[in-house]
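[1] Next comes the sequence, and after it the predicted model I'd like to discuss.
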Amino acid sequence: MSNLSHTIRRFNRFELKYLITLKQAELFKKALRAFLVADEHGGNNGSYGLNSLYYDSPDFRCYWEKVDGIKFRRKLRIRRYESESPLTADTPVFVEIKQRLDRVTQKRRAVLPYANALRLCNEREFPETFAPEDKTVLEEIYAYLWQYNLRPTSIVHYDRQALIGTDYDLGLRVTFDTSLTYQIHQLALHEEAATQPMFSADQVVMEIKVNERIPYWLTEMIAAHNLKMIRVSKYCRGIELANGWTSLFTKNLTGFEQQPAQIAVSQ
(Lines give C-alpha, C1' and ligand atoms only; values in the text may rest on other atoms or scores of the structure.)
Protein backbone atom coordinates (compact mmCIF):
# COMPACT_ATOMS: atom_id res chain seq x y z
CA MET A 1 0.00 0.00 0.00
CA SER A 2 3.04 2.30 -0.02
CA ASN A 3 2.67 3.38 -3.67
CA LEU A 4 -0.53 5.41 -3.93
CA SER A 5 0.15 7.16 -7.24
CA HIS A 6 -2.12 4.94 -9.34
CA THR A 7 -4.94 4.40 -6.87
CA ILE A 8 -8.55 5.35 -7.56
CA ARG A 9 -9.23 8.89 -6.36
CA ARG A 10 -13.05 8.79 -6.25
CA PHE A 11 -15.82 6.23 -6.35
CA ASN A 12 -19.44 5.56 -5.41
CA ARG A 13 -20.62 2.33 -3.83
CA PHE A 14 -22.99 0.68 -1.40
CA GLU A 15 -21.60 -0.51 1.94
CA LEU A 16 -23.22 -3.06 4.23
CA LYS A 17 -21.79 -3.70 7.70
CA TYR A 18 -22.00 -6.65 10.07
CA LEU A 19 -20.68 -7.20 13.59
CA ILE A 20 -19.68 -10.84 13.97
CA THR A 21 -17.47 -13.08 16.07
CA LEU A 22 -14.02 -14.34 15.09
CA LYS A 23 -15.47 -17.82 14.61
CA GLN A 24 -18.22 -16.51 12.33
CA ALA A 25 -15.63 -14.53 10.38
CA GLU A 26 -13.41 -17.56 9.78
CA LEU A 27 -16.36 -19.68 8.62
CA PHE A 28 -17.56 -16.93 6.30
CA LYS A 29 -14.09 -16.32 4.86
CA LYS A 30 -13.74 -20.04 4.18
CA ALA A 31 -16.98 -19.97 2.18
CA LEU A 32 -16.00 -16.76 0.36
CA ARG A 33 -12.74 -18.19 -0.96
CA ALA A 34 -14.69 -20.19 -3.55
CA PHE A 35 -15.66 -16.85 -5.16
CA LEU A 36 -13.18 -14.14 -4.09
CA VAL A 37 -9.41 -13.69 -3.96
CA ALA A 38 -7.14 -11.86 -1.54
CA ASP A 39 -6.50 -8.16 -2.22
CA GLU A 40 -3.09 -8.08 -3.88
CA HIS A 41 -2.18 -4.90 -1.98
CA GLY A 42 -2.31 -6.78 1.30
CA GLY A 43 0.25 -9.52 0.78
CA ASN A 44 -0.55 -13.20 0.48
CA ASN A 45 -3.79 -13.12 2.49
CA GLY A 46 -4.93 -9.58 1.74
CA SER A 47 -4.07 -8.22 5.19
CA TYR A 48 -2.78 -4.77 6.14
CA GLY A 49 -3.09 -2.19 8.91
CA LEU A 50 -4.99 1.09 8.69
CA ASN A 51 -4.59 4.33 10.65
CA SER A 52 -7.09 7.16 10.18
CA LEU A 53 -6.95 10.62 11.76
CA TYR A 54 -10.50 12.04 11.82
CA TYR A 55 -11.51 15.69 11.89
CA ASP A 56 -14.69 17.19 13.31
CA SER A 57 -16.08 20.55 14.37
CA PRO A 58 -15.99 21.73 18.01
CA ASP A 59 -19.65 20.73 18.37
CA PHE A 60 -19.06 17.28 16.76
CA ARG A 61 -21.14 18.07 13.70
CA CYS A 62 -19.91 15.02 11.76
CA TYR A 63 -20.68 12.71 14.67
CA TRP A 64 -24.23 14.02 15.15
CA GLU A 65 -25.00 13.92 11.43
CA LYS A 66 -24.29 10.18 11.48
CA VAL A 67 -26.21 9.52 14.72
CA ASP A 68 -29.19 11.56 13.50
CA GLY A 69 -29.24 9.70 10.18
CA ILE A 70 -28.82 12.81 8.03
CA LYS A 71 -29.13 11.60 4.43
CA PHE A 72 -26.33 13.85 3.17
CA ARG A 73 -23.29 13.95 5.41
CA ARG A 74 -19.50 14.13 5.15
CA LYS A 75 -16.43 13.54 7.22
CA LEU A 76 -12.74 14.27 6.71
CA ARG A 77 -9.77 12.08 7.54
CA ILE A 78 -6.10 11.52 6.83
CA ARG A 79 -5.60 7.83 6.15
CA ARG A 80 -2.42 5.81 6.10
CA TYR A 81 -2.09 2.24 4.90
CA GLU A 82 0.63 0.74 7.06
CA SER A 83 3.74 -0.81 5.56
CA GLU A 84 7.15 -1.97 6.73
CA SER A 85 8.51 1.53 6.09
CA PRO A 86 8.24 4.03 8.97
CA LEU A 87 5.96 7.04 8.68
CA THR A 88 7.99 10.13 7.73
CA ALA A 89 7.21 13.64 6.52
CA ASP A 90 7.49 12.40 2.93
CA THR A 91 5.34 9.28 3.29
CA PRO A 92 2.36 9.50 0.90
CA VAL A 93 -1.04 9.43 2.63
CA PHE A 94 -4.63 9.96 1.59
CA VAL A 95 -6.62 13.03 2.57
CA GLU A 96 -10.20 11.89 2.15
CA ILE A 97 -13.73 13.16 2.23
CA LYS A 98 -16.07 10.25 2.86
CA GLN A 99 -19.60 11.23 2.01
CA ARG A 100 -22.96 9.56 2.42
CA LEU A 101 -25.74 10.48 -0.01
CA ASP A 102 -28.86 8.60 1.08
CA ARG A 103 -27.75 4.95 0.79
CA VAL A 104 -24.71 5.56 -1.44
CA THR A 105 -21.21 5.98 0.00
CA GLN A 106 -18.98 8.31 -1.97
CA LYS A 107 -15.29 8.91 -1.46
CA ARG A 108 -13.03 11.63 -2.84
CA ARG A 109 -9.38 11.65 -1.92
CA ALA A 110 -6.05 13.22 -2.74
CA VAL A 111 -2.52 11.93 -2.22
CA LEU A 112 -0.10 14.16 -0.34
CA PRO A 113 3.14 13.74 1.61
CA TYR A 114 2.24 13.32 5.28
CA ALA A 115 3.75 16.68 6.30
CA ASN A 116 1.75 18.50 3.60
CA ALA A 117 -1.44 16.70 4.65
CA LEU A 118 -0.96 17.94 8.22
CA ARG A 119 -0.25 21.48 7.09
CA LEU A 120 -3.43 21.44 5.02
CA CYS A 121 -5.74 19.95 7.65
CA ASN A 122 -4.20 21.33 10.86
CA GLU A 123 -2.85 24.69 9.74
CA ARG A 124 -5.07 25.48 6.71
CA GLU A 125 -2.04 25.77 4.39
CA PHE A 126 -3.03 24.86 0.86
CA PRO A 127 -0.30 22.67 -0.70
CA GLU A 128 1.97 24.27 -3.27
CA THR A 129 2.49 21.05 -5.21
CA PHE A 130 0.03 18.25 -5.90
CA ALA A 131 -1.14 15.99 -8.70
CA PRO A 132 -3.33 17.91 -11.18
CA GLU A 133 -6.16 15.39 -10.76
CA ASP A 134 -6.29 16.23 -7.03
CA LYS A 135 -6.89 19.98 -7.40
CA THR A 136 -10.70 19.88 -7.16
CA VAL A 137 -10.88 17.67 -4.08
CA LEU A 138 -8.11 19.64 -2.33
CA GLU A 139 -10.09 22.83 -2.87
CA GLU A 140 -13.19 21.11 -1.44
CA ILE A 141 -11.23 19.91 1.61
CA TYR A 142 -9.76 23.40 2.15
CA ALA A 143 -13.21 25.00 2.09
CA TYR A 144 -14.68 22.26 4.32
CA LEU A 145 -11.97 22.85 6.94
CA TRP A 146 -12.68 26.57 7.11
CA GLN A 147 -16.47 26.30 6.90
CA TYR A 148 -16.85 24.10 9.99
CA ASN A 149 -13.61 24.86 11.83
CA LEU A 150 -12.58 21.22 11.61
CA ARG A 151 -9.80 20.03 13.90
CA PRO A 152 -8.19 16.69 14.80
CA THR A 153 -10.63 14.68 16.92
CA SER A 154 -9.66 11.01 17.02
CA ILE A 155 -7.46 8.32 15.56
CA VAL A 156 -8.89 4.94 14.63
CA HIS A 157 -6.64 1.93 14.00
CA TYR A 158 -7.44 -1.61 12.93
CA ASP A 159 -6.11 -4.60 11.03
CA ARG A 160 -7.96 -5.44 7.83
CA GLN A 161 -8.15 -8.52 5.64
CA ALA A 162 -9.68 -7.78 2.25
CA LEU A 163 -11.10 -10.18 -0.34
CA ILE A 164 -12.08 -8.92 -3.78
CA GLY A 165 -14.16 -10.12 -6.69
CA THR A 166 -12.77 -11.63 -9.88
CA ASP A 167 -13.93 -10.83 -13.42
CA TYR A 168 -17.36 -12.24 -12.57
CA ASP A 169 -17.85 -9.87 -9.61
CA LEU A 170 -15.93 -6.72 -10.46
CA GLY A 171 -16.16 -4.06 -7.77
CA LEU A 172 -17.12 -6.50 -5.02
CA ARG A 173 -15.03 -6.19 -1.87
CA VAL A 174 -15.49 -7.92 1.49
CA THR A 175 -13.32 -6.78 4.41
CA PHE A 176 -12.79 -8.08 7.93
CA ASP A 177 -11.56 -5.58 10.53
CA THR A 178 -10.06 -6.76 13.82
CA SER A 179 -8.11 -5.25 16.73
CA LEU A 180 -10.09 -2.02 16.42
CA THR A 181 -8.84 0.78 18.68
CA TYR A 182 -9.34 4.52 19.08
CA GLN A 183 -7.62 7.45 20.79
CA ILE A 184 -8.59 11.08 21.37
CA HIS A 185 -5.21 12.31 22.64
CA GLN A 186 -1.82 12.48 20.90
CA LEU A 187 -3.67 13.12 17.66
CA ALA A 188 -0.86 12.66 15.18
CA LEU A 189 -0.24 9.47 13.25
CA HIS A 190 3.51 9.70 13.81
CA GLU A 191 3.25 9.83 17.61
CA GLU A 192 3.32 6.82 19.88
CA ALA A 193 -0.12 5.26 20.02
CA ALA A 194 -2.26 5.63 23.16
CA THR A 195 -5.14 3.50 22.00
CA GLN A 196 -8.15 2.01 23.72
CA PRO A 197 -10.13 -1.01 22.47
CA MET A 198 -13.26 -0.21 20.51
CA PHE A 199 -14.83 -3.68 20.71
CA SER A 200 -14.11 -6.89 22.56
CA ALA A 201 -11.24 -9.01 21.24
CA ASP A 202 -13.72 -11.53 19.79
CA GLN A 203 -15.58 -9.03 17.61
CA VAL A 204 -15.03 -8.38 13.92
CA VAL A 205 -16.53 -5.66 11.74
CA MET A 206 -17.27 -7.15 8.32
CA GLU A 207 -18.09 -4.83 5.43
CA ILE A 208 -19.48 -5.71 2.02
CA LYS A 209 -18.82 -3.05 -0.62
CA VAL A 210 -20.44 -3.21 -4.06
CA ASN A 211 -20.82 -0.84 -6.99
CA GLU A 212 -24.44 -1.72 -7.75
CA ARG A 213 -25.96 -4.78 -6.07
CA ILE A 214 -24.86 -7.76 -4.01
CA PRO A 215 -24.49 -10.92 -6.10
CA TYR A 216 -27.21 -13.51 -5.52
CA TRP A 217 -24.72 -16.11 -4.31
CA LEU A 218 -23.52 -13.70 -1.61
CA THR A 219 -27.03 -12.89 -0.32
CA GLU A 220 -27.63 -16.63 -0.06
CA MET A 221 -24.37 -17.07 1.84
CA ILE A 222 -25.24 -14.25 4.26
CA ALA A 223 -28.61 -15.86 4.98
CA ALA A 224 -27.05 -19.31 5.42
CA HIS A 225 -24.64 -17.90 8.02
CA ASN A 226 -27.47 -15.96 9.73
CA LEU A 227 -25.64 -12.62 9.56
CA LYS A 228 -27.59 -9.43 10.25
CA MET A 229 -26.75 -5.89 9.15
CA ILE A 230 -26.00 -3.25 11.74
CA ARG A 231 -25.43 0.50 11.67
CA VAL A 232 -21.92 1.09 12.96
CA SER A 233 -19.38 3.84 12.44
CA LYS A 234 -15.87 3.27 13.74
CA TYR A 235 -15.39 7.00 14.21
CA CYS A 236 -18.66 7.42 16.10
CA ARG A 237 -18.02 4.36 18.25
CA GLY A 238 -14.69 5.80 19.42
CA ILE A 239 -16.24 9.20 20.19
CA GLU A 240 -19.02 7.55 22.20
CA LEU A 241 -16.62 5.47 24.25
CA ALA A 242 -14.33 8.43 24.90
CA ASN A 243 -17.20 10.64 26.08
CA GLY A 244 -19.39 8.04 27.77
CA TRP A 245 -22.22 8.66 25.30
CA THR A 246 -24.88 6.09 24.45
CA SER A 247 -26.30 5.72 20.95
CA LEU A 248 -28.65 3.33 19.22
CA PHE A 249 -25.66 1.24 18.16
CA THR A 250 -24.23 1.09 21.68
CA LYS A 251 -27.55 -0.16 23.02
CA ASN A 252 -27.65 -2.89 20.39
CA LEU A 253 -24.05 -3.85 21.10
CA THR A 254 -25.24 -5.24 24.45
CA GLY A 255 -27.63 -7.43 22.51
CA PHE A 256 -24.74 -8.66 20.38
CA GLU A 257 -22.81 -9.77 23.41
CA GLN A 258 -25.80 -11.74 24.64
CA GLN A 259 -27.20 -13.06 21.35
CA PRO A 260 -24.77 -12.56 18.44
CA ALA A 261 -27.23 -13.48 15.69
CA GLN A 262 -30.06 -11.22 16.80
CA ILE A 263 -28.85 -7.72 15.91
CA ALA A 264 -30.78 -6.20 13.03
CA VAL A 265 -30.67 -2.43 12.64
CA SER A 266 -31.88 -1.22 9.25
CA GLN A 267 -29.70 1.12 7.19
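    Yep, it's here. All values reported here derive from a predicted model rather than from experimental measurement. Residues are numbered from 1 along each chain as shown.
[2] tell me the residue furthest from the middle of this structure?
    In the chain, the residue that sits farthest from the middle, by C-alpha atoms, centre = their mean, is residue 128; the gap is 28.1 Å.
[3] and stretch 178-185, how far from the chain's centre?
    What separates the centre of stretch 178-185 from the centre of its chain is 12 Å, taken as C-alpha atoms, centre = their mean, to the nearest Å.
[4] Wait, a strand at the residue farthest from the centre of the chain?
    No. Secondary structure of residue 128 (DSSP: H, G, I helix; E, B strand; the rest coil): coil, not part of a strand.
[5] Could I get the phi/psi values of it?
    Note on residue 128: its backbone torsions stand at phi -80, psi -30 [degrees, to the nearest 10].
[6] contacting residues around the closest residue to residue 229 other than its chain neighbours?
    Closest residue to residue 229 apart from its sequence neighbours, by C-beta to C-beta, 6 or more residues apart in numbering: residue 16 at 5.6 Å. Quick note: C-beta positions are derived from backbone N, CA and C, even for glycine. Applying C-beta atoms under 8 Å, 6 or more residues apart in numbering to residue 16 gives the contacts 207, 208, 209, 214, 229, 267.
[7] Let me know the secondary structure of residue 16.
    Classified using three-state DSSP, residue 16 is strand.
[8] Residue 195 reaches residue 183, doesn't it?
    Yes. Here residue 195 reaches residue 183: they are 4.8 Å apart, a contact under C-beta atoms under 8 Å.
[9] shared neighbours, the two?
    With C-beta under 8 Å, 6+ apart, residue 195 and residue 183 have common neighbours residue 155.
[10] Who has more neighbours out of those two?
    A count of neighbours by other C-beta atoms under 10 Å puts residue 183 above the other of residue 195 and residue 183, at 18 against 15.
[11] just the strands in this protein please.
    10-21, 36-38, 47-56, 72-81, 92-101, 104-113, 151-165, 173-183, 196-197, 203-210 (DSSP state E).
[12] Buried residues in the longest one, which are they?
    Read that as strand 151-165. For strand 151-165, the buried set under the neighbour-count rule, 16 or more other C-beta atoms under 10 Å, comprises 152-158, 160-165.
[13] by contact count, what packs against that strand?
    helix 22-32, strand 36-38, strand 47-56, helix 114-123, strand 173-183, helix 234-243 (3 or more C-beta pairs under 8 Å, 6 or more residues apart in numbering; DSSP states H and E).
[14] how far out from the middle of the chain is the shortest one?
    This points to strand 36-38. 20 Å.
[15] just stretch 46-61 next, same as before
    Worked out by C-alpha atoms, centre = their mean, stretch 46-61 lies 8 Å from the chain centre.
[16] Ok, stretch 42-56 next?
    8 Å.
[17] before we move on, what about stretch 228-241?
    That offset, for stretch 228-241, works out to 11 Å (C-alpha atoms, centre = their mean).
[18] now the helices and strands packed on strand 151-165 as CSV including distance to residue 135 and mean pLDDT?
    Compiled in CSV, these are given as follows (distance: least, C-beta to C-beta, whole Å; pLDDT from 0 to 100):
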stretch, distance to residue 135, mean pLDDT
helix 22-32, 39, 97
strand 36-38, 34, 95
strand 47-56, 20, 96
helix 114-123, 13, 98
strand 173-183, 28, 96
helix 234-243, 27, 94
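[19] Output these in a markdown table; the columns should cover distance to residue 96.
    Shown next, in a markdown table, are the helices and strands packed on strand 151-165 (distance: least, C-beta to C-beta, whole Å):
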| stretch | distance to residue 96 |
| --- | --- |
| helix 22-32 | 26 |
| strand 36-38 | 24 |
| strand 47-56 | 8 |
| helix 114-123 | 10 |
| strand 173-183 | 16 |
| helix 234-243 | 12 |
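[20] Just the buried positions in stretch 60-67, please.
    Neighbour counts over stretch 60-67 (16+ other C-beta under 10 Å) mark 60, 61, 62, 63, 65, 66, 67 as buried.
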